[in-house]
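[1] below are the sequence and a predicted model; questions follow.
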Amino acid sequence: MRIATYNVNGVNGRLDVLIRWLEEAAPQIVCLQELKASDDRFPWRAVEAAGYGAIWHGQKSWNGVAILARGSDPLESRRGLPDESDDPASRYIEAVVEGMVVGCLYLPNGNPCPGPKFDYKLRWFERLIAYAEELLELDVPVILAGDFNVMPSELDVYKPERWVDDALFRVEVRDAYQRLLQQGWTDALRSLHPQERIYTFWDYMRNAYARNAGLRIDHFLLSPGVAARLKRGDVDSHVRGWDHTSDHAPVWIELSDKPSRRRKGNG
DNA sequence: ATGACCTCCCGTGGAGGA
């Protein structure tokens, strides 16, 4: 089973690219970020025509997240993290699909740093860490996928020294990501490719894609049961080369079939 | 480097992104 995450940078402006990629890659589950559309402007008809059921948490102009399921309707289990009374941004949606809890997230950018936007990013990260702990305690298969806006290590940045004071690479943010992992999550792409330079984003400016001046900021975090089923994973980087494309490329993982149910009395 | 480039909006430039 293939699961993908894709920051589309505007779901309506990107509709042709999104549909083309959905038809080419045909993942079973898709997490989308940066819809940049209010709920009533989500292009559900085109998504449905491509063969996907969807739930979405939109917002006019900014943010917005969605979960798509091929041939079925995702069963929504949450929108927004707990304790978000002070946060108007649409950055989290969650569904039960194919027997797994799938959380789709768009973590704040946080620039400029320092400043209130950076403080907001750190607060949002803390809320995610607290909620992720709750998810693991459920002891069910969970995937947290999306745009985390953090490069976890120097392998994830084309030129680390240029980014040390940026909100995507500051030590506080990398520490928060490590604390999240230490709860028991597996960073899927990094675990499959421990030593490779992997990028999921290339800036529109400075000819970044052609120079391969990229960042790895879109991630899959897997609960232990899902990590045990991880077979493959990669970035559909060629999509970043298409016309009128997003500045992010789709990222995907492939899981083996669910392990067969244990016989009763097996412990 | 107040840069670039791209998205959105009721806009005809500004804000936000990373």
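    Noted; the coordinates are in hand. Residues are numbered from 1 along each chain as shown, chains lettered A, B, ... in the order given.
[2] and chain A, which residues reach DNA strand B?
    Those residues of chain A that sit near DNA strand B, judged by CB under 7 Å from any atom of the strand, are A:7, A:9-14, A:34, A:36-38, A:41, A:60-62, A:108-109, A:111-112, A:117, A:147, A:149, A:168, A:201, A:203-206, A:215, A:217, A:244, A:247. Every residue, glycine included, has its C-beta placed from N, CA and C.
[3] those, buried ones only, as a ChimeraX selection?
    ChimeraX command restricting those to the buried ones, with burial defined by 16 or more other CB atoms under 10 Å:
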select /A:7,9,10,11,14,34,36,37,108,109,147,149,168,201,215,217,247
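[4] now, the residues of chain A next to DNA strand B that are in strands?
    Residues from the residues of chain A next to DNA strand B lying in strands, with DSSP state E as the criterion: A:7, A:147, A:201, A:215.
[5] quickly name whichever of those residues is closest to residue A:103.
    When these are compared for distance to residue A:103, the smallest value, 12.6 Å, is given by residue A:147; criterion: CB to CB.
[6] next one, pLDDT for the closest one please.
    Here the pLDDT value assigned to residue A:147 is 97.
[7] so residue A:42 touches residue A:10, yeah?
    No. Counting by CB atoms under 8 Å, no contact exists between residue A:42 and residue A:10, whose distance comes to 11.8 Å.
[8] what is in contact with the two at once?
    By the contact definition CB atoms under 8 Å, 6 or more residues apart in numbering, residue A:42 and residue A:10 are jointly contacted by residue A:35.
[9] pLDDT averaged over stretch A:233-242 - what is it?
    Within the predicted structure, the mean pLDDT of stretch A:233-242 is 97.
[10] gap between the two ends of that stretch?
    The separation between the terminal residues of stretch A:233-242, taken as CA to CA, to the nearest Å, is 21 Å.
[11] tell me which residues are up against it.
    Residues lying outside stretch A:233-242 but in contact with it, judged by CB under 8 Å, 6+ apart, are A:4, A:17, A:20-21, A:25, A:188-189, A:192-193, A:198-200, A:202, A:209, A:220, A:245-254.
[12] buried among the residues you listed? Make that a ChimeraX selection.
    Selection command for ChimeraX covering only the buried members of these, criterion 16+ other CB under 10 Å:
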select /A:4,17,21,188,189,192,198,199,200,202,209,220,245,246,247,248,249,250,251,252,253,254
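[13] out of the contacts of stretch A:233-242, list just those in strands.
    Restricting the contacts of stretch A:233-242 to those inside strands, with DSSP E as the criterion, leaves A:4, A:202, A:220, A:251, A:252, A:253, A:254.
[14] the last one touches residue A:25, doesn't it?
    Right, the one you point to is residue A:254. No. Residue A:254 is beyond contact range of residue A:25, at 11.1 Å (criterion: CB under 8 Å).
[15] give me the common contacts of these two.
    residue A:2.
[16] ok, which stretches of chain A are helices?
    Taking DSSP state H as the criterion, chain A carries its helices at A:15-25, A:44-49, A:116-137, A:171-182, A:188-192, A:208-211, A:224-227.
[17] just give the closest residue to residue A:199, not the sequence neighbours.
    Among residues not flanking residue A:199 along the chain, residue A:214 sits closest, at 2.7 Å (CB to CB, 6 or more residues apart in numbering).
[18] tell me the pLDDT of the closest residue to residue A:84 other than its chain neighbours.
    The shortest distance from residue A:84 to any non-neighbouring residue, by CB to CB, 6+ apart, is to residue A:127 (7.3 Å). The pLDDT attached to residue A:127 in the predicted structure is 95.
[19] confirm for me that residue A:127 is in contact with residue A:85.
    No. In this structure residue A:127 lies outside contact range of residue A:85 using CB under 8 Å: 11.2 Å.
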